[in-house]
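S.K.: Below is the structure, and that's it, no one-letter string:
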């Protein structure tokens, strides 16, 4: 059954701690993305990766880091430098441009991170 | 700069009534346009997309959307809403020759029995 999995569904963190959110896909997609969702603000792009061992900053990369060592995995680390990390985090993947000109993105179920 | 506007933050309709959710975009080239739906605490599910060709696009769950270039709009419609359609709806524009999407801020749909 193909899809995108994110774990854990809920995550609690103490201030000053780093935490890593998992994202795995078995769709054989080249591109992967991390978004942050806050109420009333839609989705904002944190990082994206178009191919293994390469990634680019999105609009709100400060305080976050990523790696792309395998095609199917794109973990996101929320560092202690992120001042307001409490949010809903969504991972997505796509075939990638130019293989798919529309580059349709498909989303995982999300991880809700709460900083205590 | 590219942008997507969803003017309605919250819409309430009765079950069985028709629905139209508005989406306007600002983009210099022909856009790729998407509508996604999000149930509470869940990820986003693709409803439909416009790439080229017929400006009236059919999607899943009985939804359709019409691309109007002259109005820079891509409104989502459904002729008869079901209670299970209650969710948040996001319009997005894909930028030509990139992997990036720009999302609107979403419209929350509430359905009364």
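M.R.: All right, it came through fine. Predicted model only: the values in this text are computed from it and were never measured.
S.K.: Up against chain B, what does chain A have?
M.R.: If contacts are counted using Cβ under 8 Å from any Cβ of the partner chain, the residues of chain A sitting beside chain B are A:4, A:6, A:31, A:33, A:40-43, A:45, A:48, A:50, A:90, A:92, A:94, A:96-98, A:101-110, A:112. The way it works is simple: take the backbone N, C-alpha and C, and place the C-beta from them, glycine included.
S.K.: If any of these are buried, give me the PyMOL selection for them.
M.R.: What follows is the PyMOL syntax for the buried subset of the residues of chain A next to chain B, where burial is set by 16 or more other Cβ atoms under 10 Å in any protein chain shown:
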select buried, chain A and resi 4+6+31+33+42+43+45+48+50+90+92+94+96+97+102+103+104+105+106+107+108+109+110
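S.K.: Centroid-nearest residue for chain A?
M.R.: Relative to the mean C-alpha position of chain A, the nearest C-alpha, by Cα atoms, centre = their mean, is the one of residue A:34, at 2.5 Å.
S.K.: Not counting its neighbours along the chain, what's nearest that one?
M.R.: Distances taken as Cβ to Cβ, 6 or more residues apart in numbering or on different chains place residue A:46 nearest to residue A:34, at 4.3 Å, with adjacent residues excluded.
S.K.: Return the list of strands paired to the helix or strand containing that neighbour, each annotated with direction.
M.R.: Residue A:46 belongs to strand A:43-51 when assigned by DSSP states H and E. Next to strand A:43-51 in the sheet, as set by DSSP bridges, lie strand A:31-37 (antiparallel), strand A:54-57 (antiparallel).
S.K.: wait, what's in contact with residue B:10?
M.R.: Taking Cβ atoms under 8 Å, 6 or more residues apart in numbering or on different chains as the criterion, residue B:10 is in contact with B:107, B:108, B:110.
S.K.: my guess is the last one contacts residue B:86, does it?
M.R.: Yes - counting by Cβ atoms under 8 Å, residue B:110 touches residue B:86, with 5.8 Å between them.
S.K.: What is the burial count for residue A:27?
M.R.: With neighbours defined by other Cβ atoms under 10 Å in any protein chain shown, the count for residue A:27 comes to 14.
S.K.: And residue B:105, how far from chain A?
M.R.: 4 Å (Cβ to the nearest Cβ, to the nearest Å).
S.K.: rewinding a little: test for you: state the pLDDT assigned to the residue nearest to the centre of chain A.
M.R.: At residue A:34, the model reports a pLDDT of 98.
S.K.: what number of residues lie near the residue nearest to residue A:34?
M.R.: Using other Cβ under 10 Å, the number of residues around residue A:46 comes to 26.
S.K.: what's the distance between it and residue A:35?
M.R.: With distances taken as Cβ to Cβ, to the nearest Å, residue A:46 is found 6 Å from residue A:35.
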